[in-house]
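Undergrad: coordinates only, sequence not included:
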C-alpha cells in the first residue's frame, strides 16, 4: 500500500512538471538565463582587453622599425579588424542583453543593413589576413632570394585592398536583402524588424549563405593555414637537419634567419590552433541550427540559445587574444612593445637588444 502511494505521488509530480514545462517559453528555462548572464558578464572584459591589446599591437607594428616587411602590415590590419569585430558585434550583444536595446533592430533600416554587412566583412577579413601572412611566410621561407620581388610593400597594400573589395562585394547582399517586413499573423499583422524581406532571400540566408560563409570565413583560411604552416615547419626542420652538427662560437646569419623563421612559425601555429578552437563552433552551429529547431520544444530552444551564445563568445575571444599570441611568441614584437612602454614611461627611448633594421630578421 505504501509503495503504491509513493508511485502515485511520483507520477502525479511528473505529470505536473510536464504540464508546467509545456506552458513555459524558452526564456523561463535556466539555460536561457545562463546564456543571458554570459552575455552580460563576459563581453566587457573581452572588449576592454581586446581593444586595448589590439590598439597597442597596431601602434607597435606600424613603427618604422617594423615597417620593412609585409607581415607587420597584415598583422596590423588583422588587429584593426579584430577591434571592429569587438566594437560592432560583441558590443551590440552586450548592450542588447544588459540594457534591452538592440542597436541593429531599434534604429534605422539603413543602420540595420550596414550592421549586418560590417560584422560579416570584418570577421571574414580577419581570417583572410591570416591567409596573407601565411602566404608571405611561405614565399619568404622557400624563395628567400626572390622575396624582394614577390613580397614588396606595394603588393601587400594591393593584397589588403583586393581582399577588402572581394569581401565587401561578397557581403553586399545584406545592404539590399534586409529590412522591415509586415507579416500576416492570424487576423492581424506583425511588424518584423531587420529581417530578410523575401522568402527566397530568407531561404538563401538559412540554407545557402551559411555554407558560403563557412567556406570563406573558415574552410579556405583553415586549409591555407594548415598547408602553409606545415610547409614552413617542414622547410625549417629540413634546414636544421642540414645544419645539424655545425657548431660555431658565433651565431652565423643563416642560423639567425632560421631562428627568426622558427619564432614566426610558432606564432602562426599558435594562431592556427586558436583559430580552430575558437571559430569552429560558430561556423558549425548556423549550418545545423535550422534542422535542430524543427519541431523542437521550448526547453531545447533554450539549450540551443546557450550553445549559440558560447559559440559566439568563443569567436569573439579569438578576436580579443590574437595580439597576445604575437606578444608571447614574437621576441621582436615584445621588444618593440617594451620600447614603446619605456618611451612613454621615461620620456626617452630605451636601448633594446637586437637589430630592428635588418631586412632578414622576420621575428615578430
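TA: Received, thanks. Keep in mind the model is a prediction, meaning the values are calculated, not measured.

Undergrad: what about the helices in the stretch 251-364 of the chain?
TA: Along the stretch 251-364 of the chain, counting by DSSP state H, counting those that start in this stretch, helices occupy 253-292, 298-329, 331-346.

Undergrad: by mean pLDDT, show me the worst of those.
TA: Mean pLDDT is lowest for helix 331-346 among those, at a mean of 61.

Undergrad: helices or strands up against the helix or strand hosting residue 234?
TA: According to DSSP states H and E, residue 234 maps onto helix 220-243. Here helix 220-243 touches helix 109-142, helix 253-292, going by 3 or more Cβ pairs under 8 Å, 6 or more residues apart in numbering; DSSP states H and E. Any C-beta I mention is one placed from the backbone N, CA and C, and that applies to glycine too.

Undergrad: distance to residue 217 and mean neighbour count added to those, as TSV?
TA: Formatted as TSV, those follow (distance: least, Cβ to Cβ, whole Å; neighbours: other Cβ atoms under 10 Å):
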stretch	distance to residue 217	mean neighbour count
helix 109-142	5	20
helix 253-292	6	17
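
Undergrad: and the ones you listed as TSV, adding distance to residue 46?
TA: Below are these laid out as TSV (distance: least, Cβ to Cβ, whole Å):
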stretch	distance to residue 46
helix 109-142	14
helix 253-292	11
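
Undergrad: wait, which of those helices is closest to residue 42?
TA: Closest of the helices and strands packed on helix 220-243 to residue 42 is helix 253-292, at 13.4 Å (criterion: Cβ to Cβ).

Undergrad: okay, and for the stretch 51-200 of the chain, where does confidence drop off?
TA: For the stretch 51-200 of the chain, the stretches with pLDDT under 70 are 65-67, 146-150, 185-186.

Undergrad: show me where it has helices.
TA: 70-85, 91-99, 109-142, 147-150, 153-170, 174-177, 199-204.

Undergrad: to residue 315, which of these lies closest?
TA: Closest to residue 315 of the helices of the stretch 51-200 of the chain, according to Cβ to Cβ: helix 109-142, at 7.3 Å.

Undergrad: now that closest one: how far from the chain's centre is it?
TA: Distance of helix 109-142 from the chain centroid (Cα atoms, centre = their mean, to the nearest Å) equals 9 Å.

Undergrad: next, the angle from that helix to helix 153-170.
TA: Orientation check (axes from the mean of the first three to the mean of the last three Cα atoms, to 10 degrees): helix 109-142 against helix 153-170 gives 140 degrees.

Undergrad: check contacts around the closest residue in space to residue 159 that isn't next to it in sequence.
TA: Counting by Cβ to Cβ, 6 or more residues apart in numbering, residue 132 is the residue found nearest to residue 159 once chain neighbours are left out, at 5.4 Å. Residue 132 sits next to 70, 74, 156, 159-160, 163 when contact means Cβ atoms under 8 Å, 6 or more residues apart in numbering.
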